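**Q** Please find the sequence and the predicted model below.
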Number of protein chains: 2
Amino acid sequence: MLDDDGKRPTIYDVAKEAGVAASTVSRALARPDRVNARTREHVLAVATRLGYRANPIARALPSGRTQTVALFVSDVTNPHFFGIIRGAEQQTRAAGCTLILGDTEESPDLESGNIERLSGSVDGFVVAASRMSDSRIKELASRHRLTLVSRQVDGVPSAIVDHEDGTRQIIEHLASLGHTSVVYLAGPRRSWLAAKRWQVIRATARQFDMAAERLGPFPPAVRGGAAAADAAFGKGATAAIAHNDLLAIGMLRRFADRGVRVPDDISVVGYDDIFGADFCSPSLTTLAGQFEEAGRIAVDLLLGVRDGVRRSRSGSQVVLPSHLEIRASTGPAPR
Amino acid sequence: MLDDDGKRPTIYDVAKEAGVAASTVSRALARPDRVNARTREHVLAVATRLGYRANPIARALPSGRTQTVALFVSDVTNPHFFGIIRGAEQQTRAAGCTLILGDTEESPDLESGNIERLSGSVDGFVVAASRMSDSRIKELASRHRLTLVSRQVDGVPSAIVDHEDGTRQIIEHLASLGHTSVVYLAGPRRSWLAAKRWQVIRATARQFDMAAERLGPFPPAVRGGAAAADAAFGKGATAAIAHNDLLAIGMLRRFADRGVRVPDDISVVGYDDIFGADFCSPSLTTLAGQFEEAGRIAVDLLLGVRDGVRRSRSGSQVVLPSHLEIRASTGPAPR
DNA sequence: CTGAAAGCGCTAACAG
DNA sequence: CTGTTAGCGCTTTCAG
């Protein structure tokens, strides 16, 4: 063995051992069809015998491709992202690549900072629930490969779970239970989703002759629930739509502490159907969507594997269906 | 501007523009003290003007250091890992490095396979809740930088949350409630933790004159809870310790469905104090620990920032304290 | 089909 | 203190 000097064997070691040129080894490995079958097999045999493993760094230098994609989420501990993370991880691995995960802590600056920092070590970026402005996203997308999850920006490929029809389902559900007004407990000011949801809630409520009011913003976490619950209760609301399940669960707890009965005194609806939404008490009515699929699609779009359901000059914007998971936190309006 | 040919500027572009040699640029950037203050500032100014950004790949090739660490968890969607992931992410970033996250799907082969695959693109590995055998871990640790979370192996640095004293707290709690026997709903056969927990449960129960029995294994997920609950109930147990909170929560649901009252008919205890343990119904008594800190420490140990609390010839094995979070799922033994 | 040779962008001796 | 000169390991023309 020529190379037990402690370092791992390179193509040169393999080449020398196999009695061929390094470039032949390279080809045998990367473009097997461009090499004589006999030599290819010989080279491959020697490579395995020597325990040769390609150095990904060295391979990335000339080509510029790192076989790596980065996923940024605004908060790794938010269960909302689990499905997205898992889907992205699976699809990345399926494509023979590696996923890098970053937490941007709800900060637009950390998002763009991380993108700049990793540009060069990564083939592309998937940004979930971006807090950046449309213009900043466009600018970054023009200089880097970039796709979005739970966010739509003109010209940038994205995968989102439908919120328009989903929100309509929520309002319809509440209306059918006799509610005549609804409050929306808003998420962060920077959240695109929060803005969108409120738009649709207001528009749809009007169609159903329901009054709609927005309160907040509240931190999209369980701890935000106390203030949200108090605000909703203070307004005398009979139906509350929380920006997400975390907030909704926090509200349920606050209501329980204050002796407010759910759904007898007030109905509560969330978004996302996160882990826990089915076993909190009462179990939470919430809008469920295929977030895992969204993660997968975002990676596909990034890697160019998939063209997108609707492809237009503005890029591929995939919208996944959502459905209302009706549980115990919603009921007839109190009279 | 010399370099708006679409590619990003290199040190050569900066060097030419600044009228110095490339190596001077390299030094000005990496070892500012080895360069005349005047030239350094000039070079730096030119670099910023040109929008120069170091290419991490190119930098990694000669040095072999990628400023990247990989974290493997056995299941990204298991809330147990959230704290660990977050802690590791924070500490990695604090060290100026990047975290790669991998899901090994409870498979020892995927663990070692991924380690081999990423070796070379990564400075080291943190493996959480490894399913590999001690010998395989030792072997890998001898060839790669590697630290462990929630697992101890001789000679390999690790951070775990105490289970010995914690388990004693659980048994003591149950004994004080008058329970005279306990069943342990075991986790996966390959799980080191599952084995350890059972050892300690059995030993401690004996000290308290309690009978102890192990049932299972069960999948450490909510869906495993039904079978676990039925098994525990079938044995006529008055107190059940689940391998983790996921399993415990699944059990609570099954008991609710079957009309078994918790804690009146049976007490349930979990491990980890995951998201949801405080709002399931009844809320879950569980052993809480500083998993975020464990993630941080594992990264520190890997990067050599920290020496470990107990350093021995066998490496640094850090044990973090745990405490019993007593909630509503445990109560006096039925008479 | 295969070999020689020129880089990819940066670091690190080694001279000056 | 700064410039020159080799590489790091692999890919990729370009000849042969």
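**A** Noted; the coordinates are in hand.

**Q** can you pull the buried residues of stretch A:131-145?
**A** For stretch A:131-145, burial by neighbour count (16 or more other Cβ atoms under 10 Å in any protein chain shown) applies to A:131, A:132, A:136, A:137, A:140, A:141, A:144, A:145. C-beta here means a position set from N, CA and C on the backbone, and glycine is covered the same way.

**Q** Show the contacting residues for residue A:287.
**A** Contacts of residue A:287 were listed using Cβ atoms under 8 Å, 6 or more residues apart in numbering or on different chains, and they are A:163, A:166-167, A:169-170, A:269-273, A:322-325.

**Q** Just the element for it, please.
**A** Per DSSP states H and E, residue A:287 falls inside strand A:285-289.

**Q** strands paired with that strand, and their directions?
**A** Taking DSSP bridges as the criterion, strand A:285-289 sits next to strand A:267-272 (parallel), strand A:322-325 (antiparallel) in its sheet.

**Q** Which among these is found nearest to residue B:9?
**A** Set against residue B:9 and scored by Cβ to Cβ, these come closest in strand A:267-272, at 43.2 Å.

**Q** Just the residues contacting the closest one, thanks.
**A** For strand A:267-272, contacts defined as Cβ under 8 Å, 6+ apart pick out A:79-80, A:163, A:166, A:170, A:173-174, A:177, A:179, A:197, A:238-245, A:247-249, A:251-252, A:255, A:262, A:277, A:284-289, A:291, A:329-331, A:333.

**Q** Give me the subset of the residues you listed lying in strands.
**A** Counted as lying in strands by DSSP state E, out of the contacts of strand A:267-272, are A:239, A:240, A:241, A:242, A:285, A:286, A:287, A:288, A:289.

**Q** would you list the residues you listed in JSON lines and tack on distance to DNA strand C?
**A** Converted to JSON lines, these look like this (distance: Cβ to the nearest atom of the strand, whole Å):
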{"residue": "A:239", "distance to DNA strand C": "57"}
{"residue": "A:240", "distance to DNA strand C": "53"}
{"residue": "A:241", "distance to DNA strand C": "50"}
{"residue": "A:242", "distance to DNA strand C": "47"}
{"residue": "A:285", "distance to DNA strand C": "54"}
{"residue": "A:286", "distance to DNA strand C": "48"}
{"residue": "A:287", "distance to DNA strand C": "47"}
{"residue": "A:288", "distance to DNA strand C": "46"}
{"residue": "A:289", "distance to DNA strand C": "41"}
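
**Q** possible to save these as CSV with pLDDT and distance to residue A:230?
**A** Listed next are those as CSV, based on pLDDT from 0 to 100; distance: Cβ to Cβ, whole Å:
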residue, pLDDT, distance to residue A:230
A:239, 98, 16
A:240, 98, 11
A:241, 98, 16
A:242, 98, 13
A:285, 98, 21
A:286, 98, 21
A:287, 98, 24
A:288, 97, 27
A:289, 96, 29
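
**Q** Counting neighbours, which of the residues you listed end up buried?
**A** Taking 16+ other Cβ under 10 Å as the criterion, what is buried in the ones in strands among the contacts of strand A:267-272 is A:239, A:240, A:241, A:242, A:285, A:286, A:287, A:288, A:289.

**Q** roughly how far apart are the first one and residue A:268?
**A** Per Cβ to Cβ, to the nearest Å, residue A:239 is found 8 Å from residue A:268.

**Q** any shared contact partners between the two?
**A** Common neighbours of residue A:239 and residue A:268 (Cβ under 8 Å, 6+ apart) are residue A:330.

**Q** which of the contacts of strand A:267-272 are buried?
**A** Buried residues within the contacts of strand A:267-272, counting neighbours by 16+ other Cβ under 10 Å: A:79-80, A:163, A:166, A:170, A:173-174, A:179, A:197, A:238-245, A:247-249, A:251-252, A:255, A:262, A:277, A:284-289, A:291, A:329-331, A:333.

**Q** got any ranges where chain A has weak pLDDT?
**A** A:1-6, A:306-315 (pLDDT under 70).
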